[in-house]
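*Asks:* Mind looking at a prediction? Sequence and model below.
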Amino acid sequence: YVTFNVHLEKIDSNIVVSLRNALLQYAIQGKLIPQNPDDKPIQIQCKNPIIRRDNSYYEIINGKEVRIDDEIPFEIPNLWTWLRGRDLFHKQINSKPTGKQFEYIDLDSIDNDKNVIRYSKTTMTEGCTSRARRVLTEGNVLFSTVRPYLRNIAIVTRDYSECIGSTGFFVCSFDSSIDTDYVYYMMLSDYVTMGLNSKMKGEKAPSISNDDIYNYLFPIPPINEQRKIASITKKLMSITNQLSY
């Protein structure tokens, strides 16, 4: 497991980025904190459950077990679960803006260095862009499907919970057995951003599809461990923010 003894001296920003990426990868592989054998795996109703048996992984499709070892990117602890995005994330909700004007979150509303929403845009409803459709709720995690490598990723805070988001976002919403901060850090990881980026298509605005996310595999620990991982990751990322010059 990872231990740190950091003297806060400024170091090259590229090294800091590599350190952050390594921390996120450790987090989603269960290497930041010890495992608690008393934890219980999350319980989510899955369309095609994934099970582990005899050191192999199987997905139950139409009642038959299909071996998917070649899709598993890395090992996770025994109490963790691989979930497809379609089982992890709720269906996105779209709605046309109403009233005279509305607050709009577009891709450039995201600060992709700090990974927070910087502002919303007051937009007139009449004649507004057809991309202004995503219904947002506090605790959603926004993930840009346009050029995922840019990491336009942020949590929807209370201040922006009544805004309308661009359809350029995949809006991650999920059951209460999933921790918002864990999802946030998971979506920031190289495994997710660069893995999904490899599926990008198009030239003018190269993007991934919603189905790319729904079909992707996500490593999910028990809820207590999600919270612990998110907490320690937040602290370690705060340290790295002080290192860059």
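*Replies:* Noted; the coordinates are in hand. In this text, all values refer to a predicted model and were calculated from it rather than measured experimentally.
*Asks:* Secondary structure element holding the most centrally placed residue in the chain?
*Replies:* What sits nearest the mean C-alpha location of the chain, by CA atoms, centre = their mean, is Met187, with 2.4 Å. For Met187, the enclosing helix or strand under DSSP states H and E is helix 180-188.
*Asks:* before we move on, what about Arg52?
*Replies:* Under the criterion of DSSP H and E, Arg52 resides in strand 50-53.
*Asks:* which strands and helices sit next to the next helix or strand after the helix holding Met187?
*Replies:* Sequence order places helix 190-197 as the next helix or strand after helix 180-188, per DSSP H and E. When contacts are defined as 3 or more CB pairs under 8 Å, 6 or more residues apart in numbering; DSSP states H and E, helix 190-197 packs onto helix 13-28. C-beta: built from backbone N, CA, C; applies to glycine.
*Asks:* by how many degrees do the helix it packs on and helix 190-197 diverge?
*Replies:* Angle, helix 13-28 to helix 190-197, by axes from the mean of the first three to the mean of the last three CA atoms, to 10 degrees: 100 degrees.
*Asks:* The lowest-mean-pLDDT helix or strand in the chain - contacts with which helices or strands?
*Replies:* Among the helical and strand segments of the chain, the one scoring lowest on mean pLDDT, DSSP states H and E is helix 13-28, with a mean of 89. Helix 13-28 sits against helix 180-188, helix 190-197, helix 223-241, with contacts defined as 3+ CB pairs under 8 Å, 6+ apart.
*Asks:* Using CSV, please lay out the ones you listed together with distance to Asn55.
*Replies:* Below are the helices and strands packed on helix 13-28 laid out as CSV (distance: least, CB to CB, whole Å):
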stretch, distance to Asn55
helix 180-188, 24
helix 190-197, 21
helix 223-241, 22
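*Asks:* Of all those helices, which one comes closest to Pro49?
*Replies:* Smallest distance to Pro49 across the helices and strands packed on helix 13-28 (CB to CB): 18.1 Å, for helix 223-241.
*Asks:* Kindly provide the distance from Arg131 to Val116.
*Replies:* As judged by CB to CB, to the nearest Å, Arg131 and Val116 stand 21 Å apart.
*Asks:* if we can go back for a sec, run through the residues that contact the residue nearest to the centre of the chain.
*Replies:* By CB atoms under 8 Å, 6 or more residues apart in numbering, the residues touching Met187 are Val141, Phe143, Ile153, Cys172, Thr193.
*Asks:* Wait, the first one touches Thr180, no?
*Replies:* Okay, so that is Val141. Yes: with contact defined as CB atoms under 8 Å, Val141 reaches Thr180; the gap is 6.6 Å.
*Asks:* More neighbours: which of these two?
*Replies:* Between Val141 and Thr180, Val141 has the larger neighbour count (other CB atoms under 10 Å), namely 25 against 19.
*Asks:* How confident was the prediction at the nearest residue in space to the more buried one that is not next to it in sequence?
*Replies:* Spatial nearest neighbour of Val141, excluding adjacent residues (CB to CB, 6 or more residues apart in numbering): Cys172 at 4.0 Å. Looking at Cys172, its pLDDT reads 98.
*Asks:* I'd like to know how far Ile153 sits from Phe102.
*Replies:* 23 Å.
*Asks:* Kindly apply the preceding question to Gly127 instead.
*Replies:* For Gly127, the distance to Phe102 - CB to CB - is 13 Å.
*Asks:* Give me the more crowded residue out of those two.
*Replies:* Neighbours per residue (other CB under 10 Å) separate Gly127 from Phe102, with Phe102 holding more: 19 against 6.
*Asks:* Just want the phi and psi numbers for the more buried one.
*Replies:* With angles defined as degrees, to the nearest 10, Phe102 sits at phi -150, psi 170.
*Asks:* residues contacting it?
*Replies:* Applying CB under 8 Å, 6+ apart, the residues contacting Phe102 are Thr122, Thr123, Thr125, Cys128, Ala132, Cys163, Ile164.
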